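>>> Dropping the sequence and predicted coords here.
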Amino acid sequence: MQADNPSRMNTEGDKGVTVRDAVLTLLRDFGITSVFGNPGSTELPLFRHFPPDFKYVLGLQEAVVVGMADGFAQASRNASFVNLHSAAGVGNAMGNIFTAFKNRTPMVITAGQQARSILPYEPFLFSGQATELAKPYVKWSCEPARAQDVPHAIARAYYIAMQEPRGPVLVSVPADDWDQPAELITPRLVSSETRADPAVLDRIGAQLDACERPAFVVGSAVDRGNAWDAVVRLAETHNARVFVAPMSGRAGFPEDHPLFAGYLPAMREKIVQKLTGADLILVIGAPAFTYHVEGAGPHVPEGAALCQLIEDPMMASWAPVGTSAVGGIRLSVLDLLARTPAKARPRPPMRPVPPRAEPPRPGVASQRMSVAYLLQTLAEVRDPDHIVVEEAPSSRPVMQTYLPILRSETFYTMDSGGLGYSMPAAIGVALAKPQAKIIALIGDGSSMYSIQALWSAAQLKLSILFVIVKNRRYAALQDFAPQFGFKSDDPVQGTDLPDIDFVALARGQGVAGVSVSDAAALRETLAAGLRSTVPYLIEVEVE
């Protein structure tokens, strides 16, 4: 950088470069000019003389802040910058920090700390164990020994966050550090994409070439690692059936492709059943496998070998069987494609087309429409390039049948299973992709974990359609209860959610909305919501 570049000059005249100047200049050099936060007293010094080319994205609660930053980082493919308030703010944010860790989202989190001069006296709102508080769900955490070290710590945090497997990091910054003198940091080129061991890849490639009936299982790291098109070519090269891994936070394969075989459930025996018939299972960008309930028996069908391409060595370490190549997904798949073309195989049969969902019968006033009918209708009126950000756990199996994802980077949810992520994440995705239409498909129970996100969407005037799937209960828990010994007529305590008016909640935060219970009005209501250029909420009553 040139010394006369105004982006790298201090902003306080003859006072010299401060920690604040050095950090803001560094962030600008990293391509980061949005700060996601909910400020407290210890964070205020960062924002004095806030530069006009930066944007402060305000969330009304710290979990909302981190959710927005997560969606923004995933959609922009760069680390986001988050500013939280000491121990209390980090504590409020922990649910979505956990999700960011599971999502492998690059995120630099700064947490305010009280002034160094009063830390020995345990002052009000200080963080006694600032570097430990967010562990184990950050890749690295630091409270620099000196104020002058803060810019270096944030530079290091960025490189760590962006290194595969990516994830959040945390730097605790005492309030009086920002005005201390510092030096500008020159950003470095640090490789963030790794390559798998060629010998291990060659072994996997040989097994893939020799097998007769391959099946692929794709996970979040395919789309996250920009490997969507390469995986499609690899599947077509080998005529492999392609499944989506259990609990994936991203789509990894076009669901209208003839080789798409469906979703795997998070149950060992059912995974084995779905994969029966394959003699080689290649897991790409996913754990092998994610389970939700206790199971028994083999992890793969009899006679099948398992291979895995994964960027996370921890995931590779606990795969129960098979061969794992650790490295970037895109480069690993490209290396497999570079091999001599495989032998010709017959194309496997296509999966059955699901039956059409029907609206309620005329004249039955008490009958609500099904989730299947809602999602089928939404699929018919949306554009395939619209981006779906989903958090409706009980509706997800139905969504996987009736709302297919057809394009790369058009589906986001959480790998963690933690609620309260997707409503703010939709805002982050919309900020990163301002030309796109965002559909936030949220369950009524899930929405209440971060309903304050509607205010941020309204203030930012983002083109988001919020569709609330209103079944008046924590349906996922009720549906899951038999796995834990509940009988069909046993009540499940604390799972009913009557009398929540989501249209009123939206209007109170500046978002227009409507409730729809008539199936005949659904299509035009959804179409009108998709035409809106500002946030709009539709509450849909379902059975």
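Done, it's in. Bear in mind that the values here come from a model prediction, so they are computed numbers and not experimental data.

>>> Can you tell me the closest non-neighbouring residue to G303?
Leaving out its chain neighbours, the residue that sits closest to G303 by C-beta to C-beta, 6 or more residues apart in numbering is D279, at 6.1 Å. In short, each C-beta sits where N, CA and C put it, glycine included.

>>> The one you found and R213, how far apart?
5 Å (C-beta to C-beta, to the nearest Å).

>>> cool, G91 as well?
From G91 to R213 the distance is 50 Å (C-beta to C-beta).

>>> ditto for R472
45 Å.

>>> so where does V138 fall, helix or strand?
Counting by DSSP states H and E, V138 is held by no secondary-structure element, helix or strand.

>>> which ones are touching it?
Neighbouring residues of V138 by C-beta atoms under 8 Å, 6 or more residues apart in numbering: I97, F101, I109, G167, P168, V169, L170.

>>> Swap in 6 Å and give it another go.
Residues in contact with V138 (C-beta atoms under 6 Å, 6 or more residues apart in numbering) are P168, V169, L170.

>>> can you pick the most crowded of those residues?
P168 (34 neighbours; other C-beta atoms under 10 Å).

>>> any idea of the mean pLDDT in stretch 58-71?
Across stretch 58-71, pLDDT averages out at 97.

>>> Same question for stretch 444-462.
Rounded mean pLDDT across stretch 444-462 is 97.

>>> And that stretch, what's buried?
Across stretch 444-462, burial judged by 16 or more other C-beta atoms under 10 Å covers 444-458, 460, 462.

>>> First residue to last residue on that stretch, what's the distance there?
Length of stretch 444-462, first residue to last, C-alpha to C-alpha, to the nearest Å: 21 Å.

>>> How about stretch 35-45?
Start-to-end, stretch 35-45 (C-alpha to C-alpha) is 14 Å.

>>> and the gap between the nearest residue to Y137 once chain neighbours are set aside and Y449?
Once flanking residues are discounted, Y137 sits nearest to F101: 4.1 Å by C-beta to C-beta, 6+ apart. In this view, F101 and Y449 are 18 Å apart by C-beta to C-beta.

>>> same check, this time on I185
Counting by C-beta to C-beta, the gap from I185 to Y449 is 38 Å.

>>> now do V218
28 Å.

>>> care to break the protein down by domain?
6-177, 198-337, 371-541 (automatic domain parsing).

>>> possible to save those domains as CSV with distance to P348?
Formatted as CSV, those follow (distance: least, C-beta to C-beta, whole Å):
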stretch, distance to P348
domain 6-177, 31
domain 198-337, 5
domain 371-541, 18
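
>>> what about the helices in the stretch 101-250 of the chain?
For the stretch 101-250 of the chain, applying DSSP state H, counting those that start in this stretch gives helices covering 130-133, 150-162, 198-210, 220-224, 228-238.

>>> Out of these, indicate the one that is most buried.
helix 220-224 (a mean of 28; mean count of other C-beta atoms under 10 Å).

>>> can you pull the buried residues of stretch 118-128?
Quick answer for stretch 118-128 (16+ other C-beta under 10 Å): L125, F126, S127.

>>> In strands only, show me these.
Applying DSSP state E to the buried residues of stretch 118-128, no entry is found in strands.

>>> between those residues, which is nearest K487?
S127 (47.3 Å; C-beta to C-beta).

>>> list the contacts for the closest one?
Counting by C-beta under 6 Å, 6+ apart, S127 has contacts S86, A87, Q113.

>>> Can you give me the separation between the second one and D209?
According to C-beta to C-beta, A87 stands 55 Å off from D209.

>>> Could you do V35 as well?
For V35, the distance to D209 - C-beta to C-beta - is 50 Å.

>>> what's the residue lying closest to T33 once chain neighbours are set aside sitting at in phi/psi?
Among residues not flanking T33 along the chain, F54 sits closest, at 5.0 Å (C-beta to C-beta, 6+ apart). Main-chain torsions, F54, degrees, to the nearest 10: phi -100, psi 150.

>>> burial measure for F54, as a count.
F54: 15 neighbours (other C-beta under 10 Å).

>>> Any figure for the gap between it and A75?
Distance from F54 to A75, by C-beta to C-beta: 19 Å.

>>> Repeat that for V389.
In terms of C-beta to C-beta, V389 sits 10 Å off from A75.

>>> shared neighbours of those two, which are they?
V429.

>>> helix, strand or coil for A344?
coil (DSSP: H, G, I helix; E, B strand; the rest coil).

>>> Need phi/psi at it.
phi -70, psi 140.
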